[in-house]
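A.B. asks: A structural model of the following input is requested.
(4 chains)
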Number of protein chains: 4
Amino acid sequence: MATEMHYDSYLQLDKILNAQHPESANHNISAHDEMLFIIIHQTYELWFKQLHHEVDSIVSIMGKPALNDNSPELQVVVHRLNRIAVILRVLVHQIDILETMTPMDFLDFRDMLRPASGFQSWQFKLLEAKLGLKFEYRHGKEYYTSQLRSEHVDLIKNAETGQSFLQLVNAWLERMPFFDDEEGWKNFTVIEPSTSEDAKGLLHPFWREYKYRYSNSLAEAEKNNLEAFDEVFCEHRASHYTLSAKANRAALFIMLYRGYPMLQLPFQLLNNLLEIDEQLSTWRHRHMNMVHRMIGTRIGTGGSSGKDYLKSAADKHYIFKEIAQLTSFLIERRKLPELPQLIGQKLGFAAVY
Amino acid sequence: MATEMHYDSYLQLDKILNAQHPESANHNISAHDEMLFIIIHQTYELWFKQLHHEVDSIVSIMGKPALNDNSPELQVVVHRLNRIAVILRVLVHQIDILETMTPMDFLDFRDMLRPASGFQSWQFKLLEAKLGLKFEYRHGKEYYTSQLRSEHVDLIKNAETGQSFLQLVNAWLERMPFFDDEEGWKNFTVIEPSTSEDAKGLLHPFWREYKYRYSNSLAEAEKNNLEAFDEVFCEHRASHYTLSAKANRAALFIMLYRGYPMLQLPFQLLNNLLEIDEQLSTWRHRHMNMVHRMIGTRIGTGGSSGKDYLKSAADKHYIFKEIAQLTSFLIERRKLPELPQLIGQKLGFAAVY
Amino acid sequence: MATEMHYDSYLQLDKILNAQHPESANHNISAHDEMLFIIIHQTYELWFKQLHHEVDSIVSIMGKPALNDNSPELQVVVHRLNRIAVILRVLVHQIDILETMTPMDFLDFRDMLRPASGFQSWQFKLLEAKLGLKFEYRHGKEYYTSQLRSEHVDLIKNAETGQSFLQLVNAWLERMPFFDDEEGWKNFTVIEPSTSEDAKGLLHPFWREYKYRYSNSLAEAEKNNLEAFDEVFCEHRASHYTLSAKANRAALFIMLYRGYPMLQLPFQLLNNLLEIDEQLSTWRHRHMNMVHRMIGTRIGTGGSSGKDYLKSAADKHYIFKEIAQLTSFLIERRKLPELPQLIGQKLGFAAVY
Amino acid sequence: MATEMHYDSYLQLDKILNAQHPESANHNISAHDEMLFIIIHQTYELWFKQLHHEVDSIVSIMGKPALNDNSPELQVVVHRLNRIAVILRVLVHQIDILETMTPMDFLDFRDMLRPASGFQSWQFKLLEAKLGLKFEYRHGKEYYTSQLRSEHVDLIKNAETGQSFLQLVNAWLERMPFFDDEEGWKNFTVIEPSTSEDAKGLLHPFWREYKYRYSNSLAEAEKNNLEAFDEVFCEHRASHYTLSAKANRAALFIMLYRGYPMLQLPFQLLNNLLEIDEQLSTWRHRHMNMVHRMIGTRIGTGGSSGKDYLKSAADKHYIFKEIAQLTSFLIERRKLPELPQLIGQKLGFAAVY
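C.D. replies: All right, here's what the predicted structure looks like:
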């Protein structure tokens, strides 16, 4: 006969609550705060596992070529991206707990941990890679894997070479069909004087018009933003970006016309990416401050220079920064080109009750 | 040769990260959010273990009969009580994460969990008991242990009958020596007209004086607070309180004269107790709201009526409420009796540089 | 020539920063914390003004009879409801600041404030009324306006008798057209055995079918939920609810089928209402605890019994509780009736690229 | 006859709630979010006023030459520093509210505000100056006052040249009398081999001993920390530090022996400084991210390059960083020199009950 389900066994609390073995106990040294140190890292790793669970599910959904805006799954993606941001907020908040450990309390057991170190958290590095952080943008390229086990290095390398979430976002943005609809744009009204901008790769009249209006919105000191505009939105450009010009155009269009039903969830999706980047950034920043407060200029248990490494990583590792920078190219709502009626309808719901 | 310490083995991540076995997988049913449900409960239980680690250390310190105000350990107690409050804040915040699981998402796996239930978290109940929640003040007395394993019931019963932290606080307060110092109080100046209050058990001139001044501070509608005053501070009174009259007097004295060096940490200690009760109360309140939002009037997986039970427990389970109520008996700082000079000196530091 | 815009004048900082006049200064009494007391209440009132700004705009949008699901404005409503919840979270957090004022510090100036009191915050009461709290559900009916100026009482009475946001939500839900679409439901497949439930007011085959499936999902001890089901969703019922049976059906449908594009924002809207209620509830709860910690059983400056009043209000004033209770009537996703294809299409986007 | 005190007039709500005049209204342009923009800045300025109220009171207490460790006022300082940190946490949290304003919503009124700008918040700059940020450490020295009114520039210049809170902390640390007590240290046991370190300015045997033990605790790669040790703690050194060698020694002593009653509050004081710096740092970091998300690479309304300026300021403006760096010079508790019994007694309470 099957035994009844019980809270303890369901949660495997025998494993979870018996996985704390302070090194200080092995040395017969009293170091009360080592338990805190172990448990907070374990909760971080549990949450990292949860973040992987969410990211994996999102990647799997975004990877379906048939995903379109009528799929209920787009809502699922937005919902889970939001959950990721909510979890990251708690992870930031948890630093408050670790800060109740004073440097003297940490010293009670710090040296016993060498050479173990938080740099060995492969789950966090794998998470960055899955989201879209490429090896070439890593701070301390070789260093960051030098302390990992080979099976974890492989996992990360795989994620770095495979399709990241960011690349799937790029592909999804490129699939947006609005501008291929010749019929729909037939009656688009243009106020821009004819120019030879086409050569630079803005083939669609909407974008030529938009660039003209954007140009007018710039203050004198901002005029060099026009070059950046071409870099970001025109086809013939340097290729070191993670988002294609086509994807950037779709993303900007979504930001500009987010009120149309079909663009509402895509807008939320993009906004959630920025929220996630900001929470990751805040986490890195507070983590860096905390490490500095804890060990000053001493070297970390893993042998790193501690704060400096963390600071450089924090400054560089914005995964969705290209999306954030699209903000530079917005214009005021009341100066937006009006969409043709047919396009407007297609961006709405089918029901005509 | 010993292998090098590594982050993974130090944190026993093989155990921690392989302890999630969703029931829905056993049923071949897709229920994405069950992972979240498991992991959030595991992090709660890890933090509960940490809270036990702190409470146990505090109980052990407070239980030393020789603990006095010159002991560095009093600072340790205050520091760890503060840490407990910081942890509880994060536990409250974590509810935000669970609330990203919608009721429909919960339904995907809810019925598979019966009869497991959060009521089976023995760590939380044991924590309440160690802090000082007595069996007779529990809501749903029998019910709350009916679902626990017998070894856990025993642990809780033991904690309930042993010396709780609250009782150790009571004993520590009773040890406060200020009023036994006859010499020190010789020159205490009294403005109160002589009364026969002694009979009620206020033997010390300071307290007769204080009651007189307190009485003068009351608005007409508050005059029945005087009876409460006797209940709380006088010796001959009903005995259903968890703090003795002597302990209450010491606690009030600490609140009134907290500026004196010797009373500074004791004040922080008392204040931290109120902070802990408030965080526990907020946790119970938000937990109740969350359960209501999740299952409405359906019965919980453990068979309980859910919200109603939680609401009653939340309303009743203030562990340190007698300390909170001392606030009712404060008077304005500028109306406080002045302490004799000798007492003032003794409440200060020894150094006379 | 016009003077240049400056931060100070734009924000009218001369007014804002010169509006703090502690009573203690008038009495030549030192009470450092009165400044905190004034400023925190002023920031609360500023945020209340902002909440009114948001609620007024939402009420104005929801009041347009032509509002439909193709309107960009529905996104605006959802966005601003979310903002309201974000603001409320900060208001809850702010209580931490007030709690750094100890009861003794408050006593330094408390009596000088009589009979002024937080009960006189008309903005908060007006906010509750605009959202949908009716006079008859108020705790302490007469009492709550007894201390307000007549012009503010009038504002609140007006809001109570006018169309509240909750009533506009009800009207918007009633306008949902899905079930009037005879053509669309022609091919709806039913497994429920024919019954005479019609008499109870469930005229549409979807709802008869749904009730049948819901009934099957109930545990024995929950069977009386079926009566509640009729109360909530059937036409012929007692009339003391704030949401009509028709509105409740639309709301439940949205919860059940939230994945369809047309139901995504409506689902977010409903979810935001629950979030707002929860934040309001947490605010009331922490406010109550804070008052208790501050004055114990003394009476408040406004003459109220303080904590008891606040507790009763906190227990009763859930504005959107009927929406929260719909959770009781959900069934598992995999047991949901499948929607006819035509209905599914109409709940999607128009574009067929 | 005097009118009764009322909540509205006490808080001057007529001023506070009538100080919002959106520029967009002057231009007859609809920009819903400008109200939020105004109100959130007003609440920031109100909290800045409160922070000044706290800092001024702390500066006034710390400026009293007679302030010693028996003064109740030291507790007041610690309490108010903690309050400052609690307020700063809410100010960080408030950024969440501003982030509900999307870049497009900001564009609705952004250009109307030129050249007003948050750089014109003199209260914040004055706060930094009062705490201890000197002109020469400011990022963008001239720039930061270029937009302020002359009376506010004067206020800031005054604060920069007057005694900052940091300097008062330095003076208070220098007053710590422990090491001048020849009698007390007579029996101090030394294990350090005699050296000629005296020449470098470590005259007291405790510090020679401590340096010896610190030196032994360093890993090979950390040996250059010894030079830093001399820089920080020895008399004959470069003078560009804000804390004197003597003050640094007292601060380190407090961190090392914080358990002794007389060092408990001083330790809390130092810890609160680090907490304040960290909250200020987090505020600057999130503010920078938020500005970047809002305007991208556009120039700010005040004409600044926005994010870059803020980033540089955030990286540089750690006011108490010298105290944070003392962490580099701690050694393990079990390797600390034992204090002579007499010194230990003097660091305790006078009472010998």
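A.B. asks: which residues of the stretch 1-150 of chain A fall in helices?
C.D. replies: For the stretch 1-150 of chain A, applying DSSP state H, counting those that start in this stretch gives helices covering A:7-10, A:13-16, A:23-26, A:34-62, A:73-98, A:103-107, A:122-131, A:141-146, A:150-161.
A.B. asks: May I see the ones you listed arranged in JSON lines, with mean neighbour count, distance to chain D and mean pLDDT as well?
C.D. replies: Where C-beta positions appear, they are placed from N, C-alpha and C, glycine not excepted. Formatted as JSON lines, the helices of the stretch 1-150 of chain A follow (neighbours: other Cβ atoms under 10 Å in any protein chain shown; distance: least, Cβ to the nearest Cβ, whole Å; pLDDT from 0 to 100):
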{"stretch": "helix A:7-10", "mean neighbour count": "19", "distance to chain D": "34", "mean pLDDT": "93"}
{"stretch": "helix A:13-16", "mean neighbour count": "18", "distance to chain D": "31", "mean pLDDT": "97"}
{"stretch": "helix A:23-26", "mean neighbour count": "15", "distance to chain D": "11", "mean pLDDT": "94"}
{"stretch": "helix A:34-62", "mean neighbour count": "20", "distance to chain D": "13", "mean pLDDT": "97"}
{"stretch": "helix A:73-98", "mean neighbour count": "20", "distance to chain D": "9", "mean pLDDT": "96"}
{"stretch": "helix A:103-107", "mean neighbour count": "20", "distance to chain D": "5", "mean pLDDT": "95"}
{"stretch": "helix A:122-131", "mean neighbour count": "21", "distance to chain D": "17", "mean pLDDT": "94"}
{"stretch": "helix A:141-146", "mean neighbour count": "14", "distance to chain D": "15", "mean pLDDT": "68"}
{"stretch": "helix A:150-161", "mean neighbour count": "15", "distance to chain D": "25", "mean pLDDT": "90"}
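A.B. asks: can I get those helices in JSON lines with distance to residue C:6?
C.D. replies: Output for the helices of the stretch 1-150 of chain A, formatted as JSON lines (distance: least, Cβ to Cβ, whole Å):
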{"stretch": "helix A:7-10", "distance to residue C:6": "62"}
{"stretch": "helix A:13-16", "distance to residue C:6": "58"}
{"stretch": "helix A:23-26", "distance to residue C:6": "59"}
{"stretch": "helix A:34-62", "distance to residue C:6": "46"}
{"stretch": "helix A:73-98", "distance to residue C:6": "35"}
{"stretch": "helix A:103-107", "distance to residue C:6": "45"}
{"stretch": "helix A:122-131", "distance to residue C:6": "43"}
{"stretch": "helix A:141-146", "distance to residue C:6": "48"}
{"stretch": "helix A:150-161", "distance to residue C:6": "50"}
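A.B. asks: How many residues are close by residue A:257?
C.D. replies: Neighbours of residue A:257 under the rule other Cβ atoms under 10 Å in any protein chain shown: 21.
A.B. asks: so it touches residue A:348, yeah?
C.D. replies: No: using Cβ atoms under 8 Å, residue A:257 makes no contact with residue A:348, being 11.7 Å away.
A.B. asks: For the closest residue to residue A:351 other than its chain neighbours, grab the count of nearby residues.
C.D. replies: Excluding its sequence neighbours, the residue lying closest to residue A:351 (Cβ to Cβ, 6 or more residues apart in numbering or on different chains) is residue C:346, at 4.0 Å. Counted by other Cβ under 10 Å, the residues lying close to residue C:346 total 22.
A.B. asks: does residue C:346 really touch residue C:181, like I thought?
C.D. replies: Yes: using Cβ under 8 Å, residue C:346 makes contact with residue C:181 at a distance of 7.2 Å.
A.B. asks: dump the residue contacts of the residue of the stretch 151-300 of chain A found nearest chain B.
C.D. replies: Closest residue of the stretch 151-300 of chain A to chain B, Cβ to the nearest Cβ: residue A:152 (8.5 Å). Neighbouring residues of residue A:152 by Cβ atoms under 8 Å, 6 or more residues apart in numbering or on different chains: A:122, A:126.
A.B. asks: how much space between the closest residue to residue A:98 other than its chain neighbours and residue B:11?
C.D. replies: Excluding its sequence neighbours, the residue lying closest to residue A:98 (Cβ to Cβ, 6+ apart) is residue A:40, at 5.5 Å. From residue A:40 across to residue B:11, the span is 10 Å (Cβ to Cβ, to the nearest Å).
A.B. asks: burial measure for the residue in the stretch 101-250 of chain A that chain C sits nearest to, as a count.
C.D. replies: Residue nearest to chain C within the stretch 101-250 of chain A: residue A:177 (3.9 Å; Cβ to the nearest Cβ). By the criterion of other Cβ under 10 Å, residue A:177 has 14 neighbours.
A.B. asks: Which positions in the stretch 101-250 of chain A make contact with chain B?
C.D. replies: Contact residues, the stretch 101-250 of chain A versus chain B (Cβ under 8 Å from any Cβ of the partner chain): A:113-123, A:149.
A.B. asks: go with 6 Å
C.D. replies: Within the stretch 101-250 of chain A, the positions adjacent to chain B are A:116, A:120 by Cβ under 6 Å from any Cβ of the partner chain.
A.B. asks: Pick out the residue of the stretch 101-250 of chain A closest to chain B.
C.D. replies: Closest point on the stretch 101-250 of chain A to chain B, by Cβ to the nearest Cβ, is residue A:120, at 3.4 Å.
A.B. asks: give me the element the closest residue to residue A:285 other than its chain neighbours is part of.
C.D. replies: Spatial nearest neighbour of residue A:285, excluding adjacent residues (Cβ to Cβ, 6+ apart): residue D:285 at 4.8 Å. In this structure, residue D:285 sits in helix D:261-295 according to DSSP states H and E.
A.B. asks: circling back: any idea how far chain B is from the residue nearest to residue A:351?
C.D. replies: Here residue C:346 is placed at a distance of 22 Å from chain B (Cβ to the nearest Cβ, to the nearest Å).
A.B. asks: Would you agree residue A:312 falls within a helix?
C.D. replies: Yes: according to DSSP: H, G, I helix; E, B strand; the rest coil, residue A:312 belongs to a helix.
A.B. asks: hang on, isn't it packed against residue A:139?
C.D. replies: Yes: here residue A:312 reaches residue A:139: they are 4.5 Å apart, a contact under Cβ atoms under 6 Å.
A.B. asks: what's around the residue of the stretch 101-250 of chain A closest to chain B, how many residues?
C.D. replies: 23.
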